[in-house]
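In: Sequence first, then the predicted structure, then my questions.
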Amino acid sequence: MSKAVINTLEKYAPNLVAIREQLTGRTADENMIKGQLEVEADTYCTPLLNKRIYELKRVHLQLLEKRNDLSSQFLNSRMEQKRPSDEMIEQLDTVEMQILILEKAIHKKQEQNRQLSHSVERNFIDHPFISSSSPNEVTLKKKRKGNGVLEMNKTGFRNLFYQNGNGKVLLPSDARNMLGIFKMWEQKGKNKEFAFEFRELLKCVQADINGGEYEALHDSLDNLGKTSIVMEEYYDAEAKKRRRTKIHNPFQSVEIDRDSNQAYVKLSDDLFKNLLLGNVVSISISLFNDLATPTSKNLYLVVVNKTKDKEFILEVEPLIGHLGINSNEKSKAYSLLKASFEELQNFDVIQSFKILKNGRTPVKIIFQPSDWLLQENNYEEQLLIDNETTPIYI
């Protein structure tokens, strides 16, 4: 079981057991007792909301099994006309309250995952800025210059020239922190230049506040600041047309003070202007964090962006390139893509999807967004596809 989750449950479950004992001594109304316990559990579940939902569900399943085992022991004692031990009764009561707290946390997480809390400038999703995985070191060495700078031509739905001074690609973990920067921009007054503490950004992306996260955030901010790009089809929200950009750092300046754990960020003119003009798409940071794989996180951004554009049919090969699924085997890339669509379906981001194949080769994917995502984008028309994932052959 997750140690952090269990520690929280062990801390608060005894409080609920004590409250139930007090209420039982005052009233025989089980509905009133149940209602009051649910109210109390609602406050105790808050520390669990930064945990991933699959982690909560895994612990929940384990506790259900433990409750079933204790209940069986309890019933066996009664059938043998033995009085269950005080220790057994206490364990059963405690597990019941732990399950109650967990169920409250899971319900809140499911609600939280539908709250569009963070915005991202759309050109960063229109172009393959974030990779789901890094190429292997052999490939990276070939693309690094003598000074260690990585240069790549990244292809996808739109093409991007990518350059990174640290010799690295940006991953979904960097995307999370980029979302945090955009949130800081909003909270700090929407200025071109702003500063923030590491703690502020980590809190706003619902991350743990610890030394490991501080170190990872430092490296990520450094990578974002040392990334230069050329967007082939940059959308200029002021001119309302696409154009090719010059090579530039979207995060024009990122100064990091590791001693005080603070950062100063200056946005490029293009990025600042587009943010002010609202060229953004909104996502749920809670859902983004909950998704299990980097490919699913990256695909989530693409699906939300495409839904806003009312584009529900995706070409497979450009999508694989766009997501930066670096695999030497096509079959593995197709499997990763299919698994990520399945995860988005499990999280109710999409209702269904279909894979269209030419022989055995996937060529297109049609997806149907969930009702709540369509409503968020003020789009009511839906695609008429079956709620199955069976492939269509063309």
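Out: Structure's in. What do you need?
In: what's the burial count for Phe157?
Out: Neighbour count of Phe157, defined by other CB atoms under 10 Å: 19. For the C-beta atoms, the positions are set from N, CA and C on the backbone; glycine is no exception.
In: wait, I meant Ser370
Out: Based on other CB under 10 Å, the number of other residues close to Ser370 is 19.
In: ok, now Asn76?
Out: Look at Asn76: counted by other CB under 10 Å, it has 11 neighbours.
In: any idea how far it lies from Phe196?
Out: Distance of Asn76 to Phe196, computed by CB to CB, to the nearest Å: 58 Å.
In: Gly321 too?
Out: Separation of Gly321 from Phe196 (CB to CB): 34 Å.
In: now swap in Gln112 and tell me
Out: From Gln112 over to Phe196 the distance is 23 Å, taken as CB to CB.
In: With Thr155 instead?
Out: With distances taken as CB to CB, Thr155 is found 34 Å from Phe196.
In: and those two? which has more neighbours close in?
Out: Shown here are Thr155 and Phe196; by other CB under 10 Å, Phe196 has more neighbours (19 against 16).
In: So what's the residue count around the nearest residue to the more buried one once chain neighbours are set aside?
Out: Distances taken as CB to CB, 6 or more residues apart in numbering put Met184 closest to Phe196, at 4.6 Å, once the chain neighbours are dropped. Met184 has 19 neighbours, counted by other CB under 10 Å.
In: can you list the domains in the protein?
Out: By the record's domain assignment, the chain is partitioned as 3-112, 119-284, 291-394 (automatic domain parsing).
In: And the strands in the chain, which stretches?
Out: 118-121, 150-154, 160-164, 193-197, 227-231, 234-236, 241-243, 253-257, 262-266, 280-283, 313-315, 350-358, 361-369, 392-393 (DSSP state E).
In: mean pLDDT for these: which is lowest?
Out: Among the strands of the chain, strand 392-393 carries the lowest mean pLDDT, a mean of 42.
In: among the strands of the chain, which is the most enclosed?
Out: Comparing the strands of the chain by mean neighbour count (mean count of other CB atoms under 10 Å), strand 118-121 comes out on top with a mean of 22.
In: What pairs with that strand, parallel or antiparallel?
Out: In the sheet, strand 118-121 lines up against strand 280-283 (antiparallel) (DSSP bridges).
In: Could you list the low-pLDDT ranges of the protein?
Out: Applying pLDDT under 70 to the chain picks out residues 1, 378-394.
In: same thing but 80
Out: Residues of the chain that meet the criterion pLDDT under 80 lie in 1, 78, 80-83, 377-394.
In: and the gap between Asn15 and Arg242?
Out: Distance, Asn15 to Arg242, by CB to CB: 58 Å.
In: ugh, typo on my part, it should be Ala263
Out: From Ala263 over to Arg242 (counting by CB to CB), the distance is 31 Å.
In: And for Ala175?
Out: For Ala175, the distance to Arg242 - CB to CB - is 22 Å.
In: Check Asp208 too.
Out: Applying CB to CB, the value for Asp208 to Arg242 is 40 Å.
In: what do you get for Asn164?
Out: Per CB to CB, Asn164 is found 24 Å from Arg242.
In: just Thr227 next, same as before
Out: Going from Thr227 to Arg242 by CB to CB gives 21 Å.
In: One more: Lys192?
Out: Look at Lys192 and Arg242: by CB to CB, they are 23 Å apart.
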